[in-house]
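> kindly return the folded structure for what I paste below:
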Amino acid sequence: MISYNTKEWFTFIFRFHRADTFRKLLPLMIGIGIYSAIIAYLELEYWNLSAKSYVSNLPVMHTLLGFAISMLLVFRTNTAYDRWWEARKLWGSLELIAEEIEDPFGGDENDLPTDKLSQNIHRNVEEIL
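The predicted structure is shown next:
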């Protein structure tokens, strides 16, 4: 685990190029950039696509598709958080029930009940545990 001072976050911006993920993805990002530059050059200079072409509407399609995907991710994240919160509540109630089973009288071991029935119940619970 990397430990760092959270007050010096600005220096990490300039150390970004040292990250393993960035170094592994850099050749792929450069390749995609070159590929998209070639396609853009061909569309503008070689094929001479006009504004009436269906290709000119592609950015609108990409915007709508990006919006739809982002909404799906948001709903999925919210669902995951709701499930996590429900599991947290169930785990908390399980802990409370386990504590009640462990110590049904809610006191210390020195704080034993005084009546005969409660003493018998306490002894039986201790034998079970």
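
> what about the helices in this protein?
For the chain, helices defined by DSSP state H occupy the ranges 9-14, 20-41, 58-102, 116-128.

> got a markdown table for the ones you listed, with mean neighbour count, mean pLDDT and distance to N48 too?
From N, CA and C alone the C-beta is placed, and that goes for glycine too. Output for those, formatted as a markdown table (neighbours: other CB atoms under 10 Å; pLDDT from 0 to 100; distance: least, CB to CB, whole Å):
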| stretch | mean neighbour count | mean pLDDT | distance to N48 |
| --- | --- | --- | --- |
| helix 9-14 | 9 | 74 | 42 |
| helix 20-41 | 10 | 91 | 12 |
| helix 58-102 | 10 | 87 | 16 |
| helix 116-128 | 11 | 71 | 86 |
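
> tabulate these (TSV), appending distance to K52.
Output for those, formatted as TSV (distance: least, CB to CB, whole Å):
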stretch	distance to K52
helix 9-14	44
helix 20-41	19
helix 58-102	14
helix 116-128	83
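
> from I128, how far out is the residue lying farthest from the centre of the chain?
The outermost residue of the chain, judged against the average C-alpha position, is K116 (53.9 Å), by CA atoms, centre = their mean. Distance from K116 to I128, counting by CB to CB, to the nearest Å: 19 Å.

> quick one, which of the helices of the chain is nearest to S3?
Set against S3 and scored by CB to CB, those come closest in helix 9-14, at 12.7 Å.

> CA atoms of that closest one as CSV?
Extracted C-alpha coordinates of helix 9-14, given in CSV (Å, rounded to 0.1, in the frame of the first residue of the first chain):
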residue,chain,number,x,y,z
TRP,A,9,-1.7,16.1,-3.7
PHE,A,10,-0.5,18.7,-6.2
THR,A,11,2.9,16.9,-6.6
PHE,A,12,1.2,13.7,-7.6
ILE,A,13,-0.2,15.4,-10.7
PHE,A,14,3.4,15.7,-12.0
